[in-house]
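[1] Sharing a model that was predicted from the sequence below.
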Amino acid sequence: MAIIGAGAAGLMTAITCGEAGLKVLLLDGREKIGAKILMSGGTRCNITNRDVSERDFGSEQNRVVRDVLRSFTSEASLRFFEQWGVHVLMEEGGKYFPDTHSAKTVLDGLIQGCSKKGVQLKTNQKVSEIQFRENHFKAYALGSSILDSSSVVARFIGQSMHGPINGATTNVHMPNLFLISGKGFSYEAKTVVLCTGGLSYPTTGSDGVGYEIAKSFGHSLVLTTPALTPLLTNDSAWKALMGVSLPVKLTLSLHDQKKASFEGSFLFTHFGFSGTPVLNISRHWVREPDKNALKMMANFLPSESQEGFRQSFVLAAQKSSSKTLKNFLSEKLPERFVETFLKKNKLAENLVLNQLKREARESLIQSLFYYSLPVTGVYGYQKAEVTAGGVDLLEVDPKTLESKLQPGLFFAGEILDVDGRIGGFNFQWAWSSGVVAGRGVVKKML
Ligand SMILES: Cc1cc2nc3c(=O)[nH]c(=O)nc-3n(C[C@H](O)[C@H](O)[C@H](O)COP(=O)(O)OP(=O)(O)OC[C@H]3O[C@@H](n4cnc5c(N)ncnc54)[C@H](O)[C@@H]3O)c2cc1C
């Protein structure tokens, strides 16, 4: 059996199949494997999460996602990694990282697993085409090596020919095979697992060729878009705040109906907005065609209620007759942010709290809790941690991830129409789908 793509999903599939005693060929187009694992989680690799469910993912087929996740849970992933020397620490939000704080530990564990299970890894093997050859014959020179390694055969499909031909060759009946080829190489395999990832961070090796291969077998793709990607703005005042971060709750609405909401550390950048809630909300922004009907509202004080803030404002105004608006807000928010925020709200920094009229105070509160941030686009695949959309889950067997259109062809990882939020969910999908596809191959082959 062959696996195309030695990323998270491919490595997991390979170990699963190797463990069951299958002869595994693992091909990758890059010279060095595991680029995304190494850069993940700020080079610390957020392996998985304590609480994983289908609700943490975007997909057209949530039930399939649920079944796959239940087949190999986050607890099972932790046990698996422990076995390969990866001990973990849990951090805020249930996120698991290796206790070495290094993503390399995770990649090393997976590579060690592959080598212990006899997986044959070949790098610099960029697959450009996979063909399926049904019940064919191969011409062999009598008593010697293969005459034609791959292409003789299509015309013999369905015929039964045995014995010597022209006294010099013999045609040997071959089972169904996939012919996997690229520049300067070709391999044959009875089953193939496509683990080529999506389109995000193409420099790491995932450039969409896998989708083309899936399409060549008749598969359809659910619209692919960047996800977990920063958002752009044309507002120079916000951009000037680059480097400033603060906790924010973001809510995206369509025609004033809530579409998605995420809370976490928000970051101003020289191009716009980033940080956890921005990355999480980006898939929803990108995938809505009617951008004019979208609004992204920020709550800059997510841990406070409006009433609580109002009371603390009134109390501070009563207690001190000289406290300025800037000083009061800077106790709760970063100072540079406060300066920009007050300018945007046409309020002087040195305005003393008790000079602020009730109406102006209420308008300030409204602005702090419901501020509409202007978004003009997304950074795109170059900086998208994942791809949303992909091979349609309706076209795979949910129990094995085998193609319903081409028996013997399986999928795992990001190539499928599944994308998770920040927090270790995307790797969990890679581990779970890798194990499910691997077990599917084992069941078929043994
Ligand atoms: C910067 C960054 C940080 C991230 N951090 C986290 C995190 O902390 N936690 C988390 O859960 N997720 C994280 N992710 C997401 C996670 O890395 C991916 O979801 C996951 O790596 C997908 O695994 P995959 O094996 O499906 O695809 P990939 O990791 O993309 O692997 C695909 C492999 O296939 C190979 N390939 C592609 N096409 C071919 C071909 N034609 N022939 C041969 N080989 C081919 C590629 O070279 C690559 O090795 C992060 C992603 C990025 C970009």
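    Yep, it's here.
[2] can we go C-alpha only for contacts and neighbour counts from here?
    Fine.
[3] Get me the contact residues on the stretch 151-300 of the chain for the ligand.
    Counting by C-alpha under 6 Å from any ligand atom, the stretch 151-300 of the chain comes close to the ligand at 195-197, 201, 204-206, 209-210.
[4] where along the stretch 51-200 of the chain do the strands fall?
    With DSSP state E, counting those that start in this stretch, the ranges of strands along the stretch 51-200 of the chain come out as 57-58, 88-91, 95-98, 120-122, 127-133, 137-141, 164-165, 169-173, 177-182, 185-189, 192-194.
[5] How about residues contacting the first one?
    Okay, so that is strand 57-58. Applying C-alpha atoms under 8 Å, 6 or more residues apart in numbering, the contact partners of strand 57-58 are 388, 418-421, 425.
[6] Among these, which one sits closest to residue 45?
    Of all the contacts of strand 57-58, residue 425 has the smallest distance to residue 45: 11.4 Å, by C-alpha to C-alpha.
[7] got the contact list for that closest one?
    Residue 425 sits next to 48-49, 52, 56-57 when contact means C-alpha under 8 Å, 6+ apart.
[8] Of the residues of the stretch 151-300 of the chain next to the ligand, which belong to helices?
    209-210 (DSSP state H).
[9] Let's have the residues of the stretch 151-300 of the chain next to the ligand in a markdown table, adding pLDDT.
    Formatted as a markdown table, these follow (pLDDT from 0 to 100):
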| residue | pLDDT |
| --- | --- |
| 195 | 98 |
| 196 | 98 |
| 197 | 98 |
| 201 | 95 |
| 204 | 95 |
| 205 | 94 |
| 206 | 93 |
| 209 | 96 |
| 210 | 97 |
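[10] out of the residues of the stretch 151-300 of the chain next to the ligand, what pair is the most spread apart?
    For these, the farthest-apart pair by C-alpha to C-alpha is 195 and 201; their separation is 15.4 Å.
[11] Compare neighbour counts for the two and give me the winner.
    residue 195 (31 against 20; other C-alpha atoms under 10 Å).
[12] Double-check that residue 32 belongs to a strand.
    No - assigned with DSSP: H, G, I helix; E, B strand; the rest coil, residue 32 falls outside any strand and is coil.
[13] I figured residue 67 hits residue 398, correct?
    Yes - the pair residue 67 / residue 398 is scored as a contact, 7.3 Å apart, by C-alpha atoms under 8 Å.
[14] Look through every helix and strand of this structure and give the one with the lowest mean pLDDT.
    strand 164-165 (a mean of 44; mean pLDDT, DSSP states H and E).
[15] where does the spatially closest residue to residue 201 that is not a sequence neighbour land in three-state SS?
    Nearest non-adjacent residue to residue 201, counting by C-alpha to C-alpha, 6 or more residues apart in numbering: residue 382, 5.0 Å away. Put simply, residue 382 is helix when judged by three-state DSSP.
[16] burial of residue 382, as a residue count?
    13.
[17] what's the answer for the one 3 residues further on, then?
    Neighbourhood size, residue 385 [other C-alpha under 10 Å]: 25.
[18] Now it: closest residue in space that isn't a chain neighbour?
    Sequence neighbours aside, residue 228 is the residue nearest to residue 385 in space, at 5.3 Å (criterion: C-alpha to C-alpha, 6+ apart).
[19] Now that residue 205 has come up, it's in contact with residue 30, right?
    Yes - with contact taken as C-alpha under 8 Å, residue 205 and residue 30 are classed as touching, separated by 6.2 Å.
[20] pLDDT averaged over stretch 380-392 - what is it?
    For stretch 380-392, the mean per-residue pLDDT is 96.
[21] Correction: the previous question concerned stretch 32-47.
    Stretch 32-47 shows a mean pLDDT of 98.
[22] contacts for that stretch?
    Stretch 32-47 has contacts (C-alpha under 8 Å, 6+ apart) with 6-8, 95-98, 101-104, 106-107, 123, 204, 423-424, 427-428.
[23] just to revisit the earlier point, so for residue 67 and residue 398, which residue has more residues nearby?
    Between residue 67 and residue 398, counted using other C-alpha under 10 Å, the more crowded position is residue 398 (21 against 17).
[24] Would you mind confirming that that one is in contact with residue 64?
    Yes - proximity of residue 398 to residue 64 meets the contact threshold set by C-alpha under 8 Å, at 5.6 Å.
[25] still on that earlier bit, just name the most buried of the strands of the stretch 51-200 of the chain.
    strand 192-194 (a mean of 26; mean count of other C-alpha atoms under 10 Å).
[26] wait, which of the contacts of strand 57-58 is closest to the ligand?
    Nearest to the ligand among those, counting by C-alpha to the nearest ligand atom, is residue 425 at 4.5 Å.
[27] Can you give the distance from stretch 375-388 to the centre of its chain?
    How far stretch 375-388 lies from its chain's middle: 12 Å, per C-alpha atoms, centre = their mean, to the nearest Å.
[28] anything in that stretch near the ligand?
    Yes - if you take C-alpha under 6 Å from any ligand atom as the test, stretch 375-388 does meet the ligand, through 385-386.
[29] For that stretch, buried residues please.
    Within stretch 375-388, the residues scored as buried using 16 or more other C-alpha atoms under 10 Å are 375, 377-381, 383-388.
[30] Same check on stretch 100-115?
    Residues of stretch 100-115 classed as buried by neighbour count (16+ other C-alpha under 10 Å): 101-107, 109-114.
[31] Over to stretch 247-258?
    In stretch 247-258, counting by 16+ other C-alpha under 10 Å, buried: 247-254.
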